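> I would like to see how this sequence folds:
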Amino acid sequence: MTDFQLIDALRKYLWRRRYVIVLDDVWNVNAWKTIKYAFPDCNCGSRIILTTRISNLAESIENTSHVYELQPLPENEAWTLFCMKAFRGEPKAVCPPELEEMSRDILRKCEGLPLAIVAIGGLLSKKKNEGLEWKKVRDCLATELKSNNDLGSLRGILQLSYDNLPYYLKQCYLYLSVFPEDYLIKRTKLIRLWIVERFVEEKQGFTMEEVAEEYLNELVNRSLIQVVEMNYFTRIKTCRVHDLMREIIQLKSREESLVMIASGTRISKNEKVRRLSIHENSEEVQSDMRFPYLWSFLSFSSHHSFEHGFRNYKLLRVLNLDRAHFTSFLPELVELIHLRYLSLRWTMIRELPESIRKLKYLEILDLKRSSVSSLPSGITQLTCLCQIRNYRHNFQSSLFFPDTLGMRVPSGIGRLTSLQKLGGVEVNEDYESVRELGKLTQLRRLGILKLREEQGMDLCYTLERLKHLTAMYVVSLNKMDFLQLDSISSPPKYLQRLYLKCSLSALPGWIASLQYISKLVLQYSNLKSDPLKALQKLPSLVVLELRQAYAGEELCCDPGGFSKLKRLGLNELERLQRIRIAKGSMPGLERLDITACTVLETVPDGIENLKNIEDLVLWEMPSTFIKTVERRRG
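Model (predicted):
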């Protein structure tokens with residue numbers, strides 16, 4: 001029969017009958033679109049159940065009355081299932097005390113996945129010399145998955161998810177094996193690495209970051225990556241890989257010479273290693289080992305020694321040295337002329353050499369939370385640079401909110417016209433540098449620190465030229481310095497995040513016109529008029545923080561105000577006595593922070609209307625206020 005004949009026959013058979021159909025492991029929405037015509041809806045109480053690994057496929061099926069997301073087994077149920085399988089020969093399937101610690105270690109790797117618990121528990125039940133045999137399974141699970149026939153079905157089902165990936169996602173997914181076990185992978189770092197590794201294909205009308213984020217979301221939708229934390233803007237903040245999938249992709253990435261982990265497995269001198277990853281428990285890479293084909297070296301260890309340096313890695317393109325124990329820049333790094341990515345995060349390096357100009361293909365320089373306070377003039381010759389990331393924090397002037405420190409940039413920074421992200425530029429008395437930043441017309445993110453009052457006009461001049469800006473961080477030299485920001489006639493209209501840490505005579509009128517602004521932080525503004533009134537109509541605002549930003553006694557929000565707001569922070573508003581939230585405003589608010597508002601009398605009037613609020617965080621509030629919210633009398 002053809003497909004159409006089969007559909008027609010099924011339809012005739014099911015007509016006027018009550019049925020239950022289960023479609024197991026659907027991979028493609030088109031498969032459903034083809035077969036759905038075989039199932040007539042005659043209002044007989046029939047049901048169709050689909051299972052799939054792809055979450056957006058479940059959501060895209062029309063007429064779906066309920067999508068049930070399967071959760072991992074709870075710890076106690078997982079333990080019961082494991083014992084039933086692993087100790088089926090024991091009375092009541094009880095785990096012997098001497099094996100409990102090892103059993104729980106093995107069970108932890110299953111992470112509540114019933115299929116894995118059953119398969120691995122069944123394998124362990126056949127092990128005779130229990131202690132030593134079980135230790136091998138715990139320590140070498142990847143080898144067992146690869147070679148043991150008892151785990152064949154588990155291996156096949158897990159690998160099927162990988163095999164079904166489109167070609168452009170396979171390398172991206174295998175690349176996740178560079179990260180250590182239980183490592184929380186930040187979305188931003190992963191995206192940067194995918195891009196410099198050239199795994200991300202260009203797509204007209206999208207930035208490379210946007211395409212890479214699409215890749216990440218697709219892997220999440222296919223249940224291959226677990227989301228650990230989402231931010232308030234419904235974007236992935238951190239993620240991780242299930243331990244069993246990680247074992248599989250480590251094997252696969254080594255087979256394909258994509259990634260090598262410097263662990264207990266010895267590296268053959270003849271092995272063609274493209275990417276080498278160092279974890280906390282990794283063995284030292286021997287100084288006599290040469291990796292002539294090495295493209296990427298990623299260290300995730302704060303204990304690893306780099307005594308032999310990087311002279312043997314002439315083809316390196318990616319070098320990640322986060323938290324490495326360096327106090328000075330290694331001279332041989334400037335000889336790695338193919339470098340595209342250099343991360344020196346959390347290192348003690350204080351300055352970069354003038355010879356950094358040799359790294360002419362460098363695209364991303366990450367100095368975040370390092371001790372680098374200025375950039376050499378040689379940096380202005382690196383015309384491929386897309387990102388310079390650098391800032392660090394301390395708590396000198398505020399108990400609650402850190403000061404942001406950045407770096408001084410040399411004259412000529414305007415030559416780097418490919419820059420899209422430039423963080424933490426300290427301008428101080430360098431008036432010309434503020435205007436020169438206006439030449440960086442591709443900037444998406446900009447941080448400017450230590451601005452003086454008289455530089456406000458120069459800043460306005462620059463901002464009018466940065467049409468693509470989506471995030472801006474502005475900090476005055478002293479918190480009492482007023483910055484005049486009113487003279488911007490056409491602000492960056494795609495601005496999504498804005499931090500203003502300075503005194504303001506009034507809230508700049510153009511802020512209320514920002515249609516895409518989703519996060520706004522005002523600090524030291526000391527405004528005389530109610531900022532909630534001015535900001536409540538912003539259609540996309542999700543997070544609003546006021547830190548020493550208002551000098552009035554009352555804050556009010558009208559009905560319908562702040563339609564998208566999820567988090568509101570009111571911090572160190574020393575004269576604030578009352579907050580009034582009208583019914584129908586802030587309908588989606590999830591978190592309210594009130595910190596050191598020393599004369600505030602009670603929680604906001606109207607707080608009972610905030611049906612979605614989950615967290616009320618009170619910090620350094622007077623005892624009279626705390627009594628009004630205590631359980632017995634609040």
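> in a strand, residue 48, correct?
Yes. Under DSSP: H, G, I helix; E, B strand; the rest coil, residue 48 sits within a strand.
> so what sits opposite it in the bridge?
residue 21 (DSSP bridges).
> list the contacts for it?
20-23, 39 (CB atoms under 8 Å, 6 or more residues apart in numbering). In this view, the C-beta of every residue, glycine as well, is placed from N, C-alpha and C.
> would you list these in JSON lines and tack on distance to residue 78?
Output for the contacts of residue 48, formatted as JSON lines (distance: CB to CB, whole Å):
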{"residue": "20", "distance to residue 78": "29"}
{"residue": "21", "distance to residue 78": "31"}
{"residue": "22", "distance to residue 78": "25"}
{"residue": "23", "distance to residue 78": "28"}
{"residue": "39", "distance to residue 78": "36"}
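> nearest to residue 279 among those residues?
Nearest to residue 279 among those is residue 23, at 41.4 Å by CB to CB.
> got phi/psi on that closest one?
Note on residue 23: backbone dihedrals following degrees, to the nearest 10 are phi -110, psi 110.
> do you know how far the residue lying closest to it once chain neighbours are set aside is from residue 152?
Sequence neighbours aside, residue 50 is the residue nearest to residue 23 in space, at 4.7 Å (criterion: CB to CB, 6 or more residues apart in numbering). Distance of residue 50 to residue 152, given as CB to CB, to the nearest Å: 26 Å.
> which one's more surrounded, these two?
residue 50 (17 against 12; other CB atoms under 10 Å).
> please name the residues that touch that one.
22-23, 26, 32, 58, 61.
> any idea how this protein splits into domains?
3-60, 75-157, 165-247, 535-634 (automatic domain parsing).
> where among the ones you listed is average confidence lowest?
Least confidently modelled of the domains of the chain is domain 75-157, at a mean of 83 by mean pLDDT.
> off-centre distance for that one?
33 Å (CA atoms, centre = their mean, to the nearest Å).
> out of the contacts of residue 48, which one sits closest to residue 500?
Checking the contacts of residue 48 one by one against residue 500 (CB to CB), the nearest turns out to be residue 23, at 53.9 Å.
> need the domains of the chain in a markdown table (columns: distance to residue 386).
Formatted as a markdown table, these follow (distance: least, CB to CB, whole Å):
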| stretch | distance to residue 386 |
| --- | --- |
| domain 3-60 | 30 |
| domain 75-157 | 36 |
| domain 165-247 | 9 |
| domain 535-634 | 26 |
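> of all these, which one is nearest residue 343?
Across those, residue 343 has its closest neighbour in domain 165-247 (8.5 Å, CB to CB).
> quote the end-to-end distance of the closest one.
18 Å (CA to CA, to the nearest Å).
> likewise for stretch 340-356?
13 Å.
> gap between that stretch and the chain center?
23 Å.
> buried residues in it?
Within stretch 340-356, the residues that qualify as buried by neighbour count (16 or more other CB atoms under 10 Å) are 340-347, 349, 352, 356.
> okay, and which of those map to strands?
Within the buried residues of stretch 340-356, residues falling in strands by DSSP state E are 341-343.
> now do the helices in the stretch 51-200 of the chain.
55-60, 75-86, 97-110, 114-124, 130-139, 141-147, 152-163, 167-174, 187-196 (DSSP state H, counting those that start in this stretch).
> got JSON lines for the ones you listed, with distance to residue 615 too?
What follows is those, written out as JSON lines (distance: least, CB to CB, whole Å):
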{"stretch": "helix 55-60", "distance to residue 615": "27"}
{"stretch": "helix 75-86", "distance to residue 615": "25"}
{"stretch": "helix 97-110", "distance to residue 615": "29"}
{"stretch": "helix 114-124", "distance to residue 615": "33"}
{"stretch": "helix 130-139", "distance to residue 615": "39"}
{"stretch": "helix 141-147", "distance to residue 615": "38"}
{"stretch": "helix 152-163", "distance to residue 615": "35"}
{"stretch": "helix 167-174", "distance to residue 615": "35"}
{"stretch": "helix 187-196", "distance to residue 615": "23"}
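> closest to residue 253 out of those helices?
Closest among those, using CB to CB: helix 167-174, at 4.2 Å.
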